[in-house]
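let me see the structure of the following:
(one chain, ligands or ions: 1)
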Amino acid sequence: MPPKAIGPYRVLETLGSGGAGTVYRALDRRTNDEVALKLLSTGPSLDDRAARRLVREFETLADLSHPNVVKVFEAGVHEGWPYLAMEFIEGLTLRHYLDVSLGGGPPTPPPRGPLSIRRTEDDDFGSVDGPDEDPYDDSAVDDDDDGTFGLNAFAEEAPSEDLASFHGGAGDDSDSDDVPLDPRREPARKASATAHPTAPPRLADLNRPERMGRLKDALLQVCEALAYIHGHGLVHRDLKPSNIMVDDDRQVRLMDFGLAKFLADDEGITGDGKLVGTYRYMAPEQILGEPLDGRSDLYSLGVILYELMSGRPPFDAKTPHELWRQVLETEAPPLLALNLHGDPQLARVAHRLIRKEPDDRFQTAEEVYEALSE
Ligand SMILES: Nc1ncnc2c1ncn2[C@@H]1O[C@H](COP(=O)(O)OP(=O)(O)OP(=O)(O)O)[C@@H](O)[C@H]1O
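Below is the predicted model of the structure:
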C-alpha cells in the first residue's frame, strides 16, 4: 500500500519502483498540480546533515531548465526518507518506446535541425560536479565470503533482456535489466532474470526504418540534454534506457540526473561503498573509480545505442567481476557482425562511444549529435 501523503503531496498511485526507490503519481495539495514523486529507499533514514545536503543539491538541480531534462521541483524528507518532486511525464521509457513489440507506431519524426543548446537565464548555475575523487573501494564491491557477491541485485541485470522482448516473450513491462543505483540495497530477485536468451533477435524488427527513425530522433534529444548538463559542468553518471522517458509528443526527458552523485557521495546513504551507477552502462573509468566527466555519460550513451541496434549489450557476463573485466580489457563484438543490416554510420558512432579511453571517444555531446545527424 502506498502512503497516502508524502510531505505536502497526496499520493494517487504507484508508477513504478527502481533500485533507488519508488515513484508515485501525486498531487501537490498547495497548487493541485500533478507531479511524479520519487521516494528514495536507500539505506537508513537521513541524518540532519544529509537531509540538508539533499535539499541543497536538489535546489541546485531545480535551477536547471531544458526541454529534454526532467524538471525537478523540490526535495524534502518524509519520515526520514528523502523524496524528490518532479515533472510527471506521460510516456514510456526509451526501452519500451523502441520495443519492437510496440508494433508500427507513429510515422518517423522529421529530421532535427542543428543542435541548439538551449541555455536559460539560469545559466550562472554554479555547482560544478567535480571529479569523483573516491578511490575504487574494492571491499565495497568485492565478493562476499561465500563467493556469492554482495551484489544480489546484479542478478536482475539480465545481460540480454532486450532479446526477450524481441522474441515477444515475457511481457515484462519493467526495466529490470538495469542494476539499480545502489545495488547493495536491493533484495535478490529470481535467478531466472539472468538467463541468456538463446535465439537471435529478429533483426528485421530491429532495423525497421520507422524504429530507426525514432531511435535516432530520441538519441539526438538525449544529446541535447547531455550538452546542456555537461555545459553546466555536471555529469549524469547513471544514463540508461530506464532513465530516459519519451512522452506522447516524442519529447525526450533525461531523468534521475544528480541522483547517482548524491548517493555516491553520501556515506550515510551508501554506507559501505561508493560504486553507484548501473554496471552495464558504466564507463571503464567509472568502474575504476577514476574522475568522471561528460565523456563517461557518452560511453553510457554508446552502450545504449549498441544495445538498441543489436538487441544485446556490448559486454555480457554473469558476474560483476566478469563484466568489469570485459569492459576494461576486451573489445565489444562488431555491431554489424551481430546485425548485418544495421545502419553502418550509427554502428560507427556506437563503437566510437564505447572506446575504453575517454580521449578516443567523441569528446562532447555536440560532436555525437553531429555524427548522428550525418
Ligand atoms: N517523472 C516521471 N513521470 C512519470 N513516470 C515516472 C517518472 N519518473 C519515474 N517514472 C516511472 O516510474 C518507474 C520507476 O522509476 P525509477 O526511477 O524508480 O526506476 P528505474 O529508473 O527503473 O530505476 P533506478 O532507480 O535504478 O534508476 C519508471 O520506470 C517510470 O515508468
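
tally of neighbours for the residue in the chain positioned nearest to the ligand?
Closest contact between the chain and the ligand, by Cβ to the nearest ligand atom, is at residue 18 (1.9 Å). (C-beta placed from N, C-alpha, C; glycine too.) Counted by other Cβ atoms under 10 Å, the residues lying close to residue 18 total 22.

surely it and residue 255 touch.
No. Counting by Cβ atoms under 8 Å, residue 18 does not reach residue 255; the two are 9.9 Å apart.

lowest-pLDDT helix or strand in the protein?
Least confident helix or strand of the chain, by mean pLDDT, DSSP states H and E, is helix 138-141 with a mean of 31.

all strands of this protein, in order?
For the chain, the strands defined by DSSP state E cover 5-6, 9-17, 21-28, 34-40, 72-78, 81-87, 91-93, 244-247, 252-254.

any chance of these in JSON lines, with mean neighbour count and mean pLDDT too?
Below are these laid out as JSON lines (neighbours: other Cβ atoms under 10 Å; pLDDT from 0 to 100):
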{"stretch": "strand 5-6", "mean neighbour count": "17", "mean pLDDT": "92"}
{"stretch": "strand 9-17", "mean neighbour count": "15", "mean pLDDT": "94"}
{"stretch": "strand 21-28", "mean neighbour count": "20", "mean pLDDT": "94"}
{"stretch": "strand 34-40", "mean neighbour count": "22", "mean pLDDT": "92"}
{"stretch": "strand 72-78", "mean neighbour count": "19", "mean pLDDT": "86"}
{"stretch": "strand 81-87", "mean neighbour count": "23", "mean pLDDT": "89"}
{"stretch": "strand 91-93", "mean neighbour count": "19", "mean pLDDT": "94"}
{"stretch": "strand 244-247", "mean neighbour count": "21", "mean pLDDT": "96"}
{"stretch": "strand 252-254", "mean neighbour count": "23", "mean pLDDT": "96"}
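
these: which one's closest to residue 233?
strand 252-254 (16.0 Å; Cβ to Cβ).

which residues sit against the closest one?
Residues from elsewhere that reach strand 252-254 (Cβ atoms under 8 Å, 6 or more residues apart in numbering): 68-70, 87, 89, 91, 94, 218, 221-222, 225-226, 229, 236, 239, 243-247.

and the residues you listed, which of them are buried?
Using 16 or more other Cβ atoms under 10 Å as the burial test, the contacts of strand 252-254 include 68-70, 87, 89, 91, 94, 218, 221-222, 225-226, 229, 236, 239, 243-246 as buried.

so which of those residues would count as near the ligand as well?
Checking the buried ones among the contacts of strand 252-254 against the ligand by Cβ under 6 Å from any ligand atom, the ones in range are 70, 87, 89, 243.

close enough to count as contact, residue 3 and residue 13?
No. Contact criterion Cβ under 8 Å: residue 3 and residue 13 do not qualify, at 11.9 Å.

can you list the residues of this protein near the ligand?
Proximity of the chain to the ligand, by Cβ under 6 Å from any ligand atom, involves residues 15-21, 23, 36, 70, 86-89, 93, 175, 178, 180-181, 242-243, 255-256.

rerun that using 5 Å as the cut-off
15-16, 18-20, 23, 36, 86, 88-89, 175, 180-181, 242, 256 (Cβ under 5 Å from any ligand atom).

check what pLDDT residue 101 gets.
Residue 101 is assigned 47 on the pLDDT scale.

ok, now residue 318?
87.

residue ranges with poor pLDDT in the stretch 251-374 of the chain?
Low-confidence regions of the stretch 251-374 of the chain, defined by pLDDT under 70, span residues 258-277.

quick one, helices of it?
Secondary structure of the stretch 251-374 of the chain by DSSP state H, counting those that start in this stretch: the helices cover 259-265, 267-270, 284-287, 294-310, 320-329, 335-338, 344-353, 365-373.
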